[in-house]
Every structure is written in structure tokens, then in C-alpha cells.
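Peer 1: below: sequence and its predicted model.
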Amino acid sequence: MDLSSYGDTKKFRRKLIDECPAVIGTVPIYDAVVYYNKALKDITADEWMDVVKMHAEDGVDFMTIHCGINRATADRFKQHLRHTNIVSRGGSIIFAWMELTGNENPFYERYDELLDICEKYDVTISLGDACRPGSIEDAGDISQISELVALGELTQRAWDHNVQVMIEGPGHMPLNQIRANMEIEQTVCKGAPFYVLGPLVTDVAPGYDHITSAIGGAIAATYGASFLCYVTPAEHLRLPTVEDVKEGIIASRIAAHAADVAKGIPGAKDWDYQMSEARRELDWERQFELAIDPEKARRYRAESKPEKEDTCTMCGKMCAVRNINKILRGEDVDIMED
């Protein structure tokens, strides 16, 4: 996703679309604030819609748009204030605009017009989760669920308009709520693909939120999530570095693969079977080839050379795999002398 919110966003977006072979998503709400460069309350409903059209004309594949936080959802939020309020950047911008102007969310009020744009340019709409919980304290609260109900209604309207749709989800959520949340979404949104931001299963691990996210992502994907948004170790702290991005993506890939194995996705378990086979044979090169991160696996072994090439420095001569292989071949095992 291109989440740019500074500089010449239009030029960068077009360069990204021209040069990147991957599916590209954007958040027009961010771009509007930069593009118009004026007070939030002075942006008009027409201008919000014009930025959506501009992104579609540029050729993006999907757009995240926070349509579900309408006046009714916003009123429920104000009546039931949360521990961490609204943590969605796009959601907070639209909520603030509605409060400043007194108007309805233009993406909700003019949803049919929005769908006309998406249909014309073959853009998938990602229905943004403005009220996603930003702490486990807020998980599953009235604001989140009321918005989800609105997103369910908008999902059907998109399908009726020949527009593909996916739903953005939490957020922060304790382990014991994830399965139910996935199943509620599948029911309310009629099986539309669910796109989860984590979910992060604890709030106390800054610097390690790629791990808290991967734990939640594995469970979410096992019980119905279709699309995992990776989280980097820098989440909640700063902009990520290239290395942070790599760590976040790898953690998310591990979570996704673990869920594929759990769900019995054809071919998923074959990868693990091949790795365990290479471990049984102590075939280090094959293990590196099969690793999610071959570079790191190879580096770790090189940094700690074993005395015996067919072992590693964890167990050395006591390597269970090596010694059982020798016994099964009818060979002697003398750990002290071998």
C-alpha cells in the first residue's frame, strides 16, 4: 500500500504504479489533506470524491475508504467513549471533518457515486475500519460492532453495483476474542474477504509488535481472515526502516503459512514436510533453500561453526538426529570419542 501523506504524492503514486508489479492500494483520505493543502474543515464533499476519482484514474487496484463511520456510528462513539478513542488515521480525519462541518461522511452519503467510480475503473473497495480497537480494552465494543454492521450493508450494495469489496478489521484484540470476531464478520459481511491489521494480542510489546501481530494474524487467518496486514517492530514508535519492513513481512508470512497448515490448504504442509526431511538428513543447504528467510538461516550457522559439519553448536556430538541416523544404519555411537 502507498500510505504517503507528504510531498508530491501524485507523482510518487504514478511512479509506483508504473514500476511495481504488485497489487497497489491507496488511502485517498490521506492524500486529500496533502493535495488540497488547506484547513480540514474547508475541504468540500466534492473534493473528497475528486481525490478518489484521481486515484482510480491513476490505476490503483484497491482503495481503503472509511465509509462506515457515518453520523450514527459517530454518535454511538461519542456516547460510549473508549479507552483509546479512534486510532485509525483515516477514520480520525473523517470523524474530525464531520464534527467540524456538521455534515454526513461524504463517502457514506454519496456511496453510490463512489461505487460508480470503482466500477468504471475496476477498483476494489476496501471498507476501512475507522473504529477498529486501538487497545485490547476496546476490542469488541459498541463502536467497533456498530461500524461492522454498517460495513455489512455497504458490502451488499457494492456487490449489487458489480464492485469487489473487502473488509478491514481489527486492530488490537485479546486471543480469546479473535475467533468470534472473524465469525461475526463472516456472518455480518456475508463472507466478504476480511483484511486484519494484526490483530495485536497485547499492548505491552513496543519494539516487538511484529510478534504480537503475527500471533494474532495466525489465529485470525485460521478462523477466516483472508488478508494479513503486516506490522513492523517499529509500530507505535517511528517510521520503519527497510530492515523493520523485512522483519514485519517475514513474521506475517510465518503467520499466514501457519494458518494455511492449520486449515489444510492444499500444498501448505508439503513445504514443512520437505524441511523436516532435510533436517532428518542433516542437509544444511536444502534447509537454507526451504527457509522463509534463507539469508538469516545461513548467516546464523556461519556465525557459530560446529566442530562436526553434520551437527550444529546447539547439541554438537549429542545431536539426536545425527546419532539416531547412525544407530539406524547399524553404526556405533560413542559420544565421548565420536
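Peer 2: Sure, I can see it.

Peer 1: show me where the stretch 101-250 of the chain has strands.
Peer 2: Listed in chain order, the strands of the stretch 101-250 of the chain (DSSP state E, counting those that start in this stretch) span 124-127, 165-168, 194-196, 227-228.

Peer 1: can you lay out these as a markdown table showing distance to Gly68?
Peer 2: For the C-beta atoms, the positions are set from N, CA and C on the backbone; glycine is no exception. Converted to a markdown table, the strands of the stretch 101-250 of the chain look like this (distance: least, Cβ to Cβ, whole Å):
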| stretch | distance to Gly68 |
| --- | --- |
| strand 124-127 | 6 |
| strand 165-168 | 9 |
| strand 194-196 | 14 |
| strand 227-228 | 18 |
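
Peer 1: of these, which is nearest Ser252?
Peer 2: Relative to Ser252, the nearest member of the strands of the stretch 101-250 of the chain by Cβ to Cβ is strand 227-228, separated by 5.0 Å.

Peer 1: could you pull up the mean pLDDT of the closest one?
Peer 2: Here strand 227-228 scores 94 as its mean pLDDT.

Peer 1: ok, and what's touching it?
Peer 2: Met166, Pro193, Phe194, Tyr195, Val196, Gly217, Ala220, Ala221, Ser252, Ala255, Ala256 (Cβ atoms under 8 Å, 6 or more residues apart in numbering).

Peer 1: from those residues, pick the one nearest Met63.
Peer 2: Met166 (10.9 Å).

Peer 1: does that closest one touch Val196 like I think?
Peer 2: No. The criterion here is Cβ atoms under 8 Å, and Met166 misses it with Val196 at 10.6 Å.

Peer 1: who has more neighbours, the two?
Peer 2: For the pair Met166 and Val196, the greater number of neighbours falls to Val196 (29 against 21), based on other Cβ atoms under 10 Å.

Peer 1: quick one: residues contacting that one.
Peer 2: Glu168, Gly169, Pro170, Gly171, Gly216, Gly217, Ala220, Ala221, Ala225, Phe227, Leu228, Cys229 are the contacts of Val196 under Cβ under 8 Å, 6+ apart.

Peer 1: thinking the fourth one is in contact with Asp129, fair?
Peer 2: Yes. In terms of Cβ under 8 Å, Gly171 counts as a neighbour of Asp129; the distance is 6.8 Å.

Peer 1: what is in contact with these two at once?
Peer 2: Counting by Cβ under 8 Å, 6+ apart, the common neighbours of Gly171 and Asp129 are Gln144, Leu197.

Peer 1: in this protein, which residue is closest to the centre?
Peer 2: Cys229 (0.8 Å; Cα atoms, centre = their mean).

Peer 1: and it, what is it in contact with?
Peer 2: Tyr195, Val196, Leu197, Gly198, Ser252 are the contacts of Cys229 under Cβ under 8 Å, 6+ apart.

Peer 1: just to revisit the earlier point, just send the contacts of Val196 back as CSV, with distance to Val34 too.
Peer 2: Formatted as CSV, those follow (distance: Cβ to Cβ, whole Å):
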residue, distance to Val34
Glu168, 21
Gly169, 26
Pro170, 27
Gly171, 25
Gly216, 31
Gly217, 30
Ala220, 32
Ala221, 33
Ala225, 31
Phe227, 26
Leu228, 28
Cys229, 22
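
Peer 1: of these, keep whichever come out buried.
Peer 2: Neighbour counting by 16 or more other Cβ atoms under 10 Å classes Glu168, Gly169, Pro170, Gly171, Gly216, Gly217, Ala220, Ala221, Ala225, Phe227, Leu228, Cys229 among the contacts of Val196 as buried.

Peer 1: which of those fall in helices?
Peer 2: Secondary structure from DSSP state H places Gly216, Gly217, Ala220, Ala221 of these in helices.
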